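Student: Build the 3D model from these lines:
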Amino acid sequence: MKCVELVLLLVICWKSLPLVESNTRICTHCCDEVYPGNGTPVYYMTKGPKGDQGEIGETGPQGEKGVQGNQGVKGEKGGVGPRGEKGDMGEPAPITPQSAFSVARSKPLIGNETTAQPLLFDKVFVNVGNQFHENSGRFIAEFGGVYHFSFTVQSYLDKFVGIQLMKNQQPQVIIYANAVPRRIMQSQTIMLNVSKGDVLWLRQVQGARFAIYGNSDMQITFSGFLLYPEK
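Tutor: As a prediction, this is how the structure comes out:
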């Protein structure tokens, strides 16, 4: 095919394509013979197949924290929800230990020359928990803790007074007075740490020179109660 005929064929083909305006200057050094001069060459209009997707790049650095926005308007109060089902019954509360007694004696007690004598009582005012045993004159603690004890006696004419508060077999405190020709009321008060099973009682010290006086006015008393139970 002659050169003139080839040029003519390319011109005809080019004219049959729609004119596309080029925004890019295209090199025509190798195609001067076929480039018409004011359009896009045929080889530029031929679109190749889509390439493979490239790999995802690395994550860029985190940007700076933005400025905190304004607080929104407070919403309306919601309505009351439906009432829930009744829960299961809880465990019963622990029972608080209770212990208290107050007793009195209406008869005098004359001392014994050979032995110390326990005081017995014939009047019970209070016996919460039934821990005071009237037949023996002894309080047997059912609960450990701090207890308050007090006792009062009246002296006998011309006799010494010697009454001890005992915990088990150990004296704790005493009311003591010399013999005088009149009756005198005397009291003693104490707080003690008591363990469960401890026995508290009063005794008159040994000797015939000791005595206390009592009658229906109940001058001889013995009281105690639990202040703080052990945890």
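Student: for this structure, which spans come out with low pLDDT?
Tutor: Per-residue confidence for the chain (pLDDT under 70) gives these ranges: 1-47.
Student: ranges for the helices of it?
Tutor: 3-16, 42-45 (DSSP state H).
Student: How many neighbouring residues does the residue lying closest to residue 135 once chain neighbours are set aside have?
Tutor: Excluding the flanking residues, the one nearest residue 135 by CB to CB, 6 or more residues apart in numbering is residue 120, at 7.9 Å. (Each C-beta comes from the backbone N, C-alpha and C, glycine too.) Burial of residue 120, expressed as a neighbour count using other CB atoms under 10 Å, amounts to 16.
Student: Repeat that for residue 58.
Tutor: Applying other CB under 10 Å, we find 6 residues neighbouring residue 58.
Student: And residue 87, by the same measure?
Tutor: 6.
Student: From residue 81, how far off is it?
Tutor: Residue 87 is 16 Å from residue 81, where distance means CB to CB, to the nearest Å.
Student: Same check on residue 158?
Tutor: 85 Å.
Student: Between those two, point out the one with more neighbours.
Tutor: When neighbours are counted by other CB under 10 Å, residue 158 and residue 81 differ, and residue 158 comes out ahead with 11 against 6.
Student: May I have the residues that are in contact with the residue nearest to residue 135?
Tutor: Residues in contact with residue 120, defined by CB atoms under 8 Å, 6 or more residues apart in numbering, are 105, 134-137.
Student: beta partners for residue 162?
Tutor: Going by DSSP bridges, residue 162 is paired in beta bridges with residue 176.
Student: give the contact list for it.
Tutor: Taking CB under 8 Å, 6+ apart as the definition, contacts of residue 162 comprise 111, 174-176, 204-205, 207, 210.
Student: just residue 146 next, same as before
Tutor: Applying CB under 8 Å, 6+ apart, we find residue 146 in contact with 191-194, 226-228.
Student: now the strands for the protein?
Tutor: Taking DSSP state E as the criterion, the chain carries its strands at 100-105, 109-110, 117-118, 123-128, 132-133, 138-140, 145-155, 161-167, 170-177, 185-194, 199-204, 211-213, 220-229.
Student: With residue 94 as the reference, name the closest of the ones you listed.
Tutor: Shortest separation from residue 94 across the strands of the chain is recorded for strand 220-229, at 10.3 Å, computed as CB to CB.
Student: Measure how buried residue 141 is and give me the count.
Tutor: So residue 141, with other CB under 10 Å, has 22 neighbours.
Student: Residue 216 now?
Tutor: 9.
Student: Would you map out the domains in this protein?
Tutor: When the chain is parsed into structural domains using automatic domain parsing, the resulting residue ranges are 3-45, 100-229.
Student: Mean neighbour count, those: which tops it?
Tutor: Among the domains of the chain, domain 100-229 has the highest mean neighbour count (mean count of other CB atoms under 10 Å), at a mean of 16.
Student: And that one, how far out from the chain middle?
Tutor: Per CA atoms, centre = their mean, to the nearest Å, the displacement of domain 100-229 from the mean C-alpha position of its chain is 43 Å.
Student: Dig out what residue 139 forms beta bridges with.
Tutor: Under DSSP bridges, the beta-bridge partners of residue 139 are residue 132, residue 200.
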